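A.B. asks: Whatever this is, show me its structure:
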Amino acid sequence: MIIEKASNKELELLKDANFKQNIRASLDHDAIAHILKRHGVNSVNVKNGEIPVTNEDIANYRYIINNADAIIRTLDNEDKEVISAFKQINGYAVVVEQAINKKNELALKTMYKNNGSYKNNEVYKAFSSTSLDADAKVRHRLSSYSGATENTTQKPLTDQEDLLKNTELNNETTKDATNLSPLEQANAEKLAKLESEKLQSEQEFLKTKEQENKRKEALKKKLEHERGNASNIESQTKIEVGKDIPTQIQAQIPKSRVRLNEREIYDLDYAIVKAKDLKPSFTTGGTQKRTDMNEEQIKSIAENFDPKKIFGSGGFEDLPIILHDGQVIAGNHRIQGMLNFTPKSRYIYNKAIKEYYHIDLKPDELLVRVPHNRLNNTEINNLAASSNQGRFNSESDHAIAVLSHYEAKLKELDQKLDADSIYSLKNIVAKNLNFDKATHPNVGDSNLALLMFNMPRTKTQGIELLNRWQKEFSNDIKSYEKVKKMFVDNAGSFHNLIHDMNFPKVSLNAYLSDIMDRSFANLKNYQSTSESLKDLSEKFYKTSSLEMFEKSDQTTSDISEILGGAIARFARFDDPSKALFEALKSDNVKKGLKEFKIADVTKDMFNPDSKEFKDIDIYDFTHYLLMVNREPNENNPTLKRLIEAVKDMQKKESEIKEVSKKSAEETEKGTKERAFKVIEDKEAFLKDLNAIKPMPLPKEIDTESFLNDFNGVKNKENFIKHLKSKPDSKHRLAYLHLVEPTLKEPDITLIFKEQGKEVKKEHIKAFQGDPKTIYYFLVTQDNDSKLITGLKVKPIYIKAEIDKADIIHSFIPQARTLKE
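C.D. replies: Purely as a prediction, here's the structure:
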C-alpha cells in the first residue's frame, strides 16, 4: 500500500545507495502485524517495561519521519540498507525503521519506543556520525522481521502466484489450475486467501485512521477556548536557563541521588558556589512550584540553624539543588535562610560542613548540589515539582506539584473514559495516569491533576482559588472539602464531557475554574439551594439594562455564575460526587435534554426552534443542569425565571456572534479582493524582497477600543488575555492599533501547513514611525481565522519565517531588499 513519496531528507540519504529513482514510501500488513506482535500493548517487550506502539502510532508513522529530530542510514545484520528516524516526544523517543523492498519502495520495517533521549538509543549512538556517509558500513541489531528487505530465496511456487493472478483477472479457474496437484492447488488457494485477508486488513486500517483523524478534527473544533495545557499551566512554564555561574565541583564527595520513580533517577554533584550567585524564588513559575512563602521556616534557618535537619537527610531534604545558572530547583527556603544567616548560624553551618564533608568554606560561599547531567525543560519541571511532595505549604502547592508530576501522561489522555460508577471512574483516571509500575496508582493526586489540567488560565484558575477558598472556609473545613472532593472526584466526568462528540458545542473546560469558584461561593454565602436560586433569579431575570450582554466576557462570567449555582446544588446532596457524576453521564444528559424538551435525537418537524443533541450549547446545558435531579415541587416560578434569563443570554450571544461573523466575512472578503503574487522562488524573494511602502502609524488605541471597534476577527477577548499573560504584555498591548490594518492590508501573508493541511497564517505589515524608523508587525491566525498573537518583529525574523513558510502571498508592488 503506497503512502506517499519519500521525503527530501530520505532521498538525500539514499542518493548514493545504488537505488532507483522515484522512491515511494509504503506500508504492508505484515509490517503492521510484526510491529504489534513485538511492540504492541500485549507484547512481551511491553510487559517487560517498554512503552507500547498503538495502531494510531503506526497510522501516523510518516508524520514521525517527516518531523524527525534525526534521520540516519545504516546496514542491518544482513547488509541491507536501512533508514532510521528518531523523534523525541516528552520523556521517550519514537524510532521508525524503513528499508527498500523488491518493488523499489521504502517500506516500513519496524517501529518502537525507548525511554529517555533518542541520543541515548544504542542504534543512534552507533552510527549517527556516519549518517550521510554512503560508504559507511555500520551494523546494528534489528527485529527479526525482514519482509521489508529484498528476499533472494528461490520461490518454488512461482506458477502458483501466476495462477493466482490469472484467477483474479478472469474470476475463474484456468485450465492450468486443473493440472496442478492437490497440494499445489491448496497452496494456491492459501495464497489467495492470505492476499484477500491482507487487503481487507489494509482497508480496515485506513478506515480506522480516517475515523481517528475525523475524531481529532472534531475535537479540535470543539475546544475553542484555551485549555490548561495550552502553554499556560504552571507545570509547562518554559524555564529560561541563563549563563552558568562559577561552581567548584567536589569530585571527592560521592554523588548524591534523587529518585522520582523507577525510570527517573538523577545523579547530583556537590559544588561550592558564591552565595550572591544563587537565585531563590517565591513566585509561582519557572523552577518554583509553590504559591506561598513560609517566613517562619526561613527565619528558623537563618537564626537557629540545625545541621541535623538538613545534612545527611538524603533526597530532596538534603543540601539545596540548583541549576547551573543559580536558579533553585529544590530548597528555596533553605537557600534564603542561608543567605540571611546570623553570625551564630553561619558559624554552626561552617563547622558542620567541615565535619560532614571535610571542606573549608569561605564566608561568601555555600555548598549545594547540581545535576550531574544537563536537564531539559520537562526534567527540571518534574524535579522542581517532586521536591515539594509531602511538604506542601498550601493546597495550591499540592495542585502545582501533581500537575507537573502527571504532565506527560495528561497530554496522552485524549479519549473518553468509560465507567459505570464514580468509584470506577476515579480509579480508571488513576490507572491511565500512573507511569510508575513500582507504585500503586494515586487516585486523589491523579484526579486532582486532571481537574487542574482542564482549567483555563483565568484570575480564578483552580490552582489559586483552592488556597483562597480554604482560607475562607477556615471555620467550616468540612464544607470546603465537600465541594473540592466533588470536583476532584468528577475530574473524569469533566474530561469525558470535553471529549464527548455527542455534544460538539459543549465543553465545560472554558468555564471550569469559574464554576468551581462560584460553587464555593454559593455554599459559603447561602444556607440553602432555594436562597441561592432566588438570588440568581432576581439578579438575571428581565434586567432593565442589557449592558451585561454587550460583551462576551460578561456573558461568559454570567453563565459561569449560574452554572456554578447549578452545580453547587449537588454539594448539598448526601453523596455529592455520585450525584454530579450521574448528572454528567452522557446517557443521562440525553435523557434529561429530552425530558425537559431542550433537545432530542432528531428535530421536531412541527417546532422550528427544536434542537438535536449535537446542536446544544452551554446555555442549553445550563438549562439541563438547573432542572436535573429536582423534586417535582422544585419546578417553581423562581426556577422558571432563571431559565428564562439563561434563554435571554443565549439569544443575545447568538446576535453578537452573527454580527461578528458578518464583520469577519467582510474583512476576509476585502482581503481576498486584493491582488497578490504567489512567491515560488524563496531564495530570490529573500535576496531581493519587493519594496514595502510603509503605512503611517495609526492612532494608538486602548484595550476597550480594540474590543469594541474591531469586529473583523474571532476570539478578540482570548487574544487580549493571551497578550496579557506574556511577560512583555505592556509592550504587546501597546501595538493593538496595528492589528486591524495588518489583517486587512498585509504586505506579506505566510501560510503554514502540517500533513498537507493549512494550520496557520502569518500576516506582516510595515509601518512608518518617523522618517528613520520602520516597524514590522506580525499577526498570527489559526485555520479558523482566530487570532493567536501579534508582535513587533525585526526583518531578520521575517526572513526566517519566510524560509519556513509553505506558501507565500506577496502584496508588495516593487522590488527592494529589507534592511537588516
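A.B. asks: residue contacts, Glu700?
C.D. replies: Contact analysis of Glu700 by C-beta atoms under 8 Å, 6 or more residues apart in numbering lists Ala734, Leu736, His737. Yep, even glycine has a C-beta here, placed from its N, CA and C like the rest.
A.B. asks: Output the longest strand belonging to this structure.
C.D. replies: With secondary structure taken from DSSP state E, the chain has its longest strand at strand 757-770.
A.B. asks: Give the partner strands of it in its sheet and their orientations.
C.D. replies: The strands beside strand 757-770 in its sheet (DSSP bridges) come out as strand 695-696 (parallel), strand 748-754 (antiparallel), strand 773-782 (antiparallel).
A.B. asks: Not counting it itself, show me its contacts.
C.D. replies: With contact meaning C-beta under 8 Å, 6+ apart, strand 757-770 is reached by 692-698, 738, 741-743, 745-753, 774-783, 788, 793, 798, 801, 805.
A.B. asks: Can you flag the buried ones in these?
C.D. replies: In the contacts of strand 757-770, burial by neighbour count holds for 692, 695, 697, 738, 741-743, 746-752, 775-781, 798, 801, 805, counting by 16 or more other C-beta atoms under 10 Å.
A.B. asks: Ser528 versus the spatially closest residue to Asp782 that is not a sequence neighbour, what's the distance?
C.D. replies: Using C-beta to C-beta, 6 or more residues apart in numbering and skipping residues adjacent in sequence, the residue nearest Asp782 is Lys760, 5.3 Å away. According to C-beta to C-beta, to the nearest Å, Lys760 and Ser528 sit 50 Å apart.
A.B. asks: same check, this time on Lys308
C.D. replies: From Lys308 across to Ser528, the span is 54 Å (C-beta to C-beta).
A.B. asks: least trustworthy helix or strand in the protein by mean pLDDT?
C.D. replies: Of all helical and strand segments in the chain, the minimum by mean pLDDT, DSSP states H and E falls on helix 158-170, at a mean of 40.
A.B. asks: Can you select the buried ones from the contacts of Glu700 in PyMOL?
C.D. replies: To isolate the buried ones among these in PyMOL, judged by 16+ other C-beta under 10 Å, type:
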select buried, resi 736+737
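A.B. asks: Would you mind giving the contacts of Glu700 as a markdown table with secondary structure, pLDDT and distance to Thr602 added?
C.D. replies: As requested, the contacts of Glu700 are exported to a markdown table (DSSP: H, G, I helix; E, B strand; the rest coil; pLDDT from 0 to 100; distance: C-beta to C-beta, whole Å):
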| residue | secondary structure | pLDDT | distance to Thr602 |
| --- | --- | --- | --- |
| Ala734 | coil | 81 | 52 |
| Leu736 | helix | 84 | 46 |
| His737 | helix | 84 | 49 |
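A.B. asks: how about TSV for the contacts of Glu700, with distance to His440 added?
C.D. replies: As requested, the contacts of Glu700 are exported to TSV (distance: C-beta to C-beta, whole Å):
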residue	distance to His440
Ala734	53
Leu736	52
His737	57
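A.B. asks: Name the nearest of the contacts of Glu700 relative to Lys87.
C.D. replies: Leu736 (38.3 Å; C-beta to C-beta).
A.B. asks: Pretty sure that closest one sits against Phe706.
C.D. replies: Yes. At 4.6 Å, Leu736 and Phe706 qualify as touching, with contact defined as C-beta atoms under 8 Å.
A.B. asks: these two touch, right, Leu733 and Lys724?
C.D. replies: Yes. Counting by C-beta under 8 Å, Lys724 is a contact partner of Leu733 at 7.1 Å.
A.B. asks: neighbour-wise, which of the two wins?
C.D. replies: A direct count of neighbours by other C-beta atoms under 10 Å for Leu733 and Lys724 places Leu733 higher, at 16 against 12.
A.B. asks: which residues in the stretch 151-300 of the chain form helices?
C.D. replies: If DSSP state H, counting those that start in this stretch is used as the criterion, the helices of the stretch 151-300 of the chain fall at 158-170, 175-178, 182-222, 295-303.
A.B. asks: now the stretch 351-500 of the chain
C.D. replies: 377-386, 395-405, 407-412, 422-433, 443-453, 462-472, 477-489, 491-498.
A.B. asks: again, but for the stretch 1-150 of the chain
C.D. replies: Assigned by DSSP H, counting those that start in this stretch, the stretch 1-150 of the chain shows helices spanning 8-14, 29-39, 44-47, 55-59, 61-66, 122-127.
A.B. asks: in terms of contact count, name the helices or strands touching the fourth one.
C.D. replies: The criterion is 3 or more C-beta pairs under 8 Å, 6 or more residues apart in numbering; DSSP states H and E, and the helices and strands that helix 55-59 contacts are helix 29-39, strand 105-115, helix 182-222.
A.B. asks: Give me the residues contacting it.
C.D. replies: Helix 55-59 is touched from outside by Leu27, Ile32, Ile35, Leu36, Val94, Leu108, Met111, Phe205, Thr208, Lys209, Glu212, with contacts defined as C-beta under 8 Å, 6+ apart.
A.B. asks: Compare the residues you listed and tell me which has the most neighbours.
C.D. replies: Compared across those, Leu108 has the highest neighbour count, 26 neighbours, by other C-beta under 10 Å.
A.B. asks: For that one, give the beta-bridge partners.
C.D. replies: Gln98.
A.B. asks: Verify the stated contact: it with Ala33.
C.D. replies: No. Counting by C-beta under 8 Å, no contact exists between Leu108 and Ala33, whose distance comes to 11.6 Å.
A.B. asks: Give me the below-cutoff pLDDT ranges for the stretch 501-650 of the chain.
C.D. replies: By pLDDT under 70, the low-scoring segments of the stretch 501-650 of the chain are 541-557, 632-635.
A.B. asks: hmm, 90 instead?
C.D. replies: Applying pLDDT under 90 to the stretch 501-650 of the chain flags residues 501-519, 521-565, 568, 572, 574, 602-611, 614-615, 617, 629-650.
A.B. asks: rewinding a little: ok, so of the contacts of Glu700, who is nearest Ile322?
C.D. replies: Proximity of these to Ile322 (C-beta to C-beta) peaks at Ala734, which lies at 35.9 Å.
A.B. asks: Chain neighbours aside, what residue packs nearest to that closest one?
C.D. replies: Nearest residue to Ala734 in three dimensions, chain neighbours excluded: Glu700, at 7.4 Å (C-beta to C-beta, 6+ apart).
A.B. asks: Map the structural domains onto the sequence of the chain.
C.D. replies: As recorded under automatic domain parsing, the domains making up the chain are 2-130, 235-386, 406-654, 672-815.
A.B. asks: I'd like those domains as JSON lines, with distance to Glu197 appended.
C.D. replies: Shown next, in JSON lines, are the domains of the chain (distance: least, C-beta to C-beta, whole Å):
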{"stretch": "domain 2-130", "distance to Glu197": "8"}
{"stretch": "domain 235-386", "distance to Glu197": "39"}
{"stretch": "domain 406-654", "distance to Glu197": "28"}
{"stretch": "domain 672-815", "distance to Glu197": "29"}
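A.B. asks: Quick one, which of these gets closest to Gln200.
C.D. replies: With C-beta to C-beta as the criterion, Gln200 lies closest to domain 2-130 of the domains of the chain, at 9.1 Å.
A.B. asks: any idea of the mean pLDDT for the closest one?
C.D. replies: Mean pLDDT, domain 2-130: 79.
A.B. asks: burial count for Pro771?
C.D. replies: Neighbour count for Pro771, taken as other C-beta under 10 Å: 6.
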